[in-house]
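In: My questions concern the predicted model and sequence given below.
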Amino acid sequence: MPPEFREVIKMKVGDTIKFDFAGKKKQGVVHKLFPNMVYLKVDFEKDKGKIVKRKRNVLAPPKGKKSAAKKTS
């Protein structure tokens, strides 16, 4: 899909966001920002300031896509 049709996920360096990590919700601060990747600085119990890398579409999936996980028959 060409970039002009992609929905832009608006975030800036320094923004605080929540994301899934090991089945739990974690909170992190945007450390570095690239077109498809985001580097988050997260404070874990034994490792303060850990940098975690995530794809942008995993953090905020584009609107209009439906999850196929919940289907009832």
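Out: Here it is on my side, so go on. Residues are numbered from 1 along each chain as shown.
In: burial count for L40?
Out: For L40, the neighbour count with other C-beta atoms under 10 Å is 23. Using the backbone N, CA and C atoms, a C-beta is placed for each residue, glycine as well.
In: So what does the closest residue to V30 other than its chain neighbours have for phi and psi?
Out: Among residues not flanking V30 along the chain, D15 sits closest, at 4.8 Å (C-beta to C-beta, 6 or more residues apart in numbering). With angles defined as degrees, to the nearest 10, D15 sits at phi -70, psi 150.
In: Look at D15 and say how many residues are nearby.
Out: 13.
In: measure it to V29 for me?
Out: Distance, D15 to V29, using C-beta to C-beta, to the nearest Å: 7 Å.
In: and stretch 31-43, how far apart are its ends?
Out: Using C-alpha to C-alpha, to the nearest Å, the end-to-end distance of stretch 31-43 comes to 13 Å.
In: So for it, what gets flagged as buried?
Out: H31, V38, Y39, L40, V42 (16 or more other C-beta atoms under 10 Å).
In: what's around the closest residue to M11 other than its chain neighbours, how many residues?
Out: Distances taken as C-beta to C-beta, 6+ apart place V30 nearest to M11, at 5.7 Å, with adjacent residues excluded. Per other C-beta under 10 Å, the neighbour tally for V30 reads 17.
In: quick one: what helix or strand has V30 in it?
Out: In this assignment (DSSP states H and E), V30 forms part of strand 24-33.
In: Parallel or antiparallel, which strands does the very next helix or strand once past that strand pair with?
Out: Following strand 24-33 in sequence order, the next helix or strand is strand 37-42 (DSSP H and E). Using DSSP bridges, the strands paired with strand 37-42 are strand 24-33 (antiparallel), strand 50-55 (antiparallel).
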